[in-house]
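> Starting from these lines, generate the structure:
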Amino acid sequence: MNNSMNIDQVLAQMRVMSAQAAHKSAESVKSDSTDFSDLLKQSIDHVNSAQQEAGALRTAFESGQGDMDLAQVMIAAQKSSLSFEAMVQVRNKLIEAYKDVMNMPI
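Sure thing, here's the model as predicted:
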């Protein structure tokens, strides 16, 4: 009798935890779908700021302002270039996925 009572309690706890997990999962799906545009905008803004920073460092180095090191300038330029290329690849994959979805038979 005691074992079945413990098993019932464990099962009840598992059901409660399962319901809580399902509820949290539904909330995260809902928030993820609304936050995708924000995430995309943030990544575009990040790439833009990296490019502007690299441009400012390049201009400062060329004009001799501050303690600009050539290595610093080159690293900033490479970071901005890589982030832009990554953003372009993500865009290409999104367009490809959109085309695949649009070509699916109904």
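> Spell out for me which residue occupies the centre of this protein.
L39 (5.9 Å; CA atoms, centre = their mean).
> What's the mean pLDDT across the helix or strand it falls within?
Assigned by DSSP states H and E, L39 falls within helix 2-63. Across helix 2-63, pLDDT averages out at 75.
> The next helix or strand after that helix vs helix 2-63, what angle?
Note on helix 2-63: by DSSP H and E, the next helix or strand toward the C-terminus is helix 70-102. Interaxial angle of helix 70-102 relative to helix 2-63 (axes from the mean of the first three to the mean of the last three CA atoms, to 10 degrees): 130 degrees.
> in helix 70-102, what counts as buried?
73, 76-77, 80, 83, 87 (16 or more other CB atoms under 10 Å). In this view, the C-beta of every residue, glycine as well, is placed from N, C-alpha and C.
> returning to that earlier point: what separation do you get for the residue nearest to the centre of the chain and H46?
From L39 across to H46, the span is 11 Å (CB to CB, to the nearest Å).
> Likewise for I106?
38 Å.
> So for these two, which residue has more residues nearby?
When neighbours are counted by other CB atoms under 10 Å, I106 and H46 differ, and H46 comes out ahead with 12 against 2.
> contacting residues for the more buried one?
Contacts for H46 (CB atoms under 8 Å, 6 or more residues apart in numbering) come out as S83.
> Pretty sure M68 is one of the things L57 touches, is it not?
Yes: using CB atoms under 8 Å, L57 is in contact with M68, at 6.3 Å.
> wait, isn't A50 in contact with Q78?
No: taking CB under 8 Å as the definition, A50 is not a contact partner of Q78, at 10.2 Å.
> Phi first, then psi, for D69.
Torsion angles at D69 (phi, psi; degrees, to the nearest 10) stand at phi -100, psi 140.
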